[in-house]
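>>> Next input, structure requested:
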Amino acid sequence: MRIATYNINNVIARLPQLLAWLDVTAPDVVCLQEIKCIDAAFPVEALRAQGYESLVNGQKSWNGVAILSKGVLPLEIRRELPGDPADRQRRYLEAAVNGIVVGCLYAPNGNPQPGPKFDHKLAWMQRFDRHAASLLRSGHPVVLAGDYNVVPTDADIYSTASFKDNALLQPAPRAAFRKLLKQGWTDALKTAHPDSTPYTFWSYLRNRWPRDAGLRIDHLLLSPVLASKQRAAGVDRAVRGLEGASDHAPVWVDLDD
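All right, here's what the predicted structure looks like:
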């Protein structure tokens with residue numbers, strides 16, 4: 001079983017690239033972030049023609065997440081992160097797919113920092129940490145897949161020099177990510193590539209894709225029962241090189257059935 005996460009950065013504009021990737025790699029479950037459209041505008045029929053059913057938590061212009069599942073409709077569990085009823089940003093979606101709880105997330109970027117956007121990022125991550133802990137306590141097989149907007153360590157970025165003030169590298173978000181791992185979650189990509197973790201994001205600016213000046217900010221965290229079934233994990237880098245592609249590449253993990 002292959003589970004993937006992909007910040008598509010506008011699903012309508014990049015539908016051809018998405019369909020091409022699905023056709024070649026055929027993951028069983030896909031978590032999409034930054035779909036940038038309302039639920040009614042999501043390309044459900046085009047994806048169904050490709051063999052995928054969709055569960056969508058969309059938002060116009062910004063944010064928005066979706067879960068795709070091959071041949072079966074994801075069973076919705078929740079479409080908001082607990083802890084802040086006033087939060088109207090569509091950044092989380094949770095569903096059951098083939099006996100696995102799938103959490104799809106798009107964490108706040110937090111820039112510029114310091115400031116209210118960074119404060120919101122930290123508050124959101126604290127809520128996410130608490131919810132992740134409750135999912136672990138449930139004992140269910142769970143994957144938390146998405147764009148965490150956190151570079152976990154300096155080894156997960158080509159260079160820290162131009163990012164020293166960026167919210168993605170600050171001590172507090174990194175501490176929140178480490179807290180998740182200490183709860184018992186396994187970082188699938190890091191586990192598969194302990195010595196040279198692949199990048200997942202390359203900015204459009206400053207020729208960073210051709211220079212391979214990337215960052216690792218898209219993560220798949222596995223609960224213990226799923227971690228024991230991990231066979232492989234990787235990044236489909238070639239998708240980032242397609243014309244008109246997202247600035248992220250899909251990340252995937254293969255699990256024993």
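>>> now the spatially most central residue of the chain, nearest residue through space, not along the chain?
With distances taken as C-alpha atoms, centre = their mean, G146 lies nearest the centre of the chain, 1.1 Å away. Spatial nearest neighbour of G146, excluding adjacent residues (C-beta to C-beta, 6 or more residues apart in numbering): L105 at 3.7 Å. Every C-beta, even on glycine, is put in place using the N, C-alpha and C of the backbone.
>>> so who does the residue nearest to the centre of the chain touch?
5, 7, 31, 33, 65, 103-107, 218-219 (C-beta atoms under 8 Å, 6 or more residues apart in numbering).
>>> Relative to V102, how far out is it?
The spacing between G146 and V102, counted by C-beta to C-beta, to the nearest Å, is 10 Å.
>>> Common neighbours of these two, please.
By the contact definition C-beta under 8 Å, 6+ apart, G146 and V102 are jointly contacted by C31.
>>> Show me where the stretch 1-150 of the chain has its helices.
15-25, 44-49, 116-138 (DSSP state H, counting those that start in this stretch).
>>> so where's the stretch 101-250 of the chain uncertain?
For the stretch 101-250 of the chain, no stretch is flagged by pLDDT under 70.
>>> Now that we're looking at the nearest residue to A123 once chain neighbours are set aside, what pLDDT does it have?
Sequence neighbours aside, D84 is the residue nearest to A123 in space, at 7.4 Å (criterion: C-beta to C-beta, 6+ apart). With respect to pLDDT, D84 has a value of 96.
>>> D84 reaches H120, doesn't it?
No: D84 is beyond contact range of H120, at 9.7 Å (criterion: C-beta atoms under 8 Å).
>>> So between the two, which is more surrounded?
Using other C-beta atoms under 10 Å, the more surrounded residue of D84 and H120 is H120, with 16 against 13.
>>> can you pull the contacts of the more buried one?
For H120, the contact set (C-beta under 8 Å, 6+ apart) comprises 108, 110.
>>> Swap in 6 Å and give it another go.
Applying C-beta atoms under 6 Å, 6 or more residues apart in numbering, one finds that H120 lies in contact with P108.
>>> where's it relative to T160, distance?
Here H120 is placed at a distance of 24 Å from T160 (C-beta to C-beta).
>>> Same check on W62?
Counting by C-beta to C-beta, the gap from W62 to T160 is 27 Å.
>>> And R14, by the same measure?
When distance is defined by C-beta to C-beta, R14 is 29 Å away from T160.
>>> Have a look at the two and say which one is more surrounded.
For R14 versus T160, the count of surrounding residues by other C-beta under 10 Å is larger for R14: 20 against 11.
>>> Do you know the pLDDT at the more buried one?
For R14, the model assigns a pLDDT of 98.
>>> wouldn't it be in contact with N7 here?
No: using C-beta atoms under 6 Å, R14 makes no contact with N7, being 10.3 Å away.
>>> now the residue lying closest to A133 once chain neighbours are set aside: how far from K121?
The shortest distance from A133 to any non-neighbouring residue, by C-beta to C-beta, 6+ apart, is to Q183 (5.4 Å). According to C-beta to C-beta, Q183 and K121 sit 19 Å apart.
>>> Between the two, which is the more surrounded one?
The residue with more neighbours, out of Q183 and K121, is K121; 25 against 15, by other C-beta under 10 Å.
>>> Kindly provide the distance from the residue lying closest to that one once chain neighbours are set aside to A213.
Take K121 and drop its neighbours on the chain: the residue closest to it by C-beta to C-beta, 6+ apart is G110, 3.3 Å away. Taking C-beta to C-beta as the measure, G110 and A213 are separated by 21 Å.
>>> more crowded one of the two?
Set side by side, G110 and A213 give different neighbour counts by other C-beta under 10 Å, the larger being at G110 (25 against 17).
>>> these two touch, right, that one and N166?
No: the pair formed by G110 and N166 falls short of the contact definition of C-beta under 6 Å, at 8.6 Å.
>>> With neighbour count and distance to A233 as extra columns, can I get the contacts of G146 in a markdown table?
Written out in a markdown table, the entries for the contacts of G146 read as follows (neighbours: other C-beta atoms under 10 Å; distance: C-beta to C-beta, whole Å):
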| residue | neighbour count | distance to A233 |
| --- | --- | --- |
| T5 | 30 | 11 |
| N7 | 24 | 17 |
| C31 | 30 | 14 |
| Q33 | 29 | 18 |
| V65 | 27 | 21 |
| G103 | 24 | 17 |
| C104 | 28 | 17 |
| L105 | 25 | 18 |
| Y106 | 27 | 20 |
| A107 | 24 | 20 |
| D218 | 25 | 11 |
| H219 | 25 | 10 |
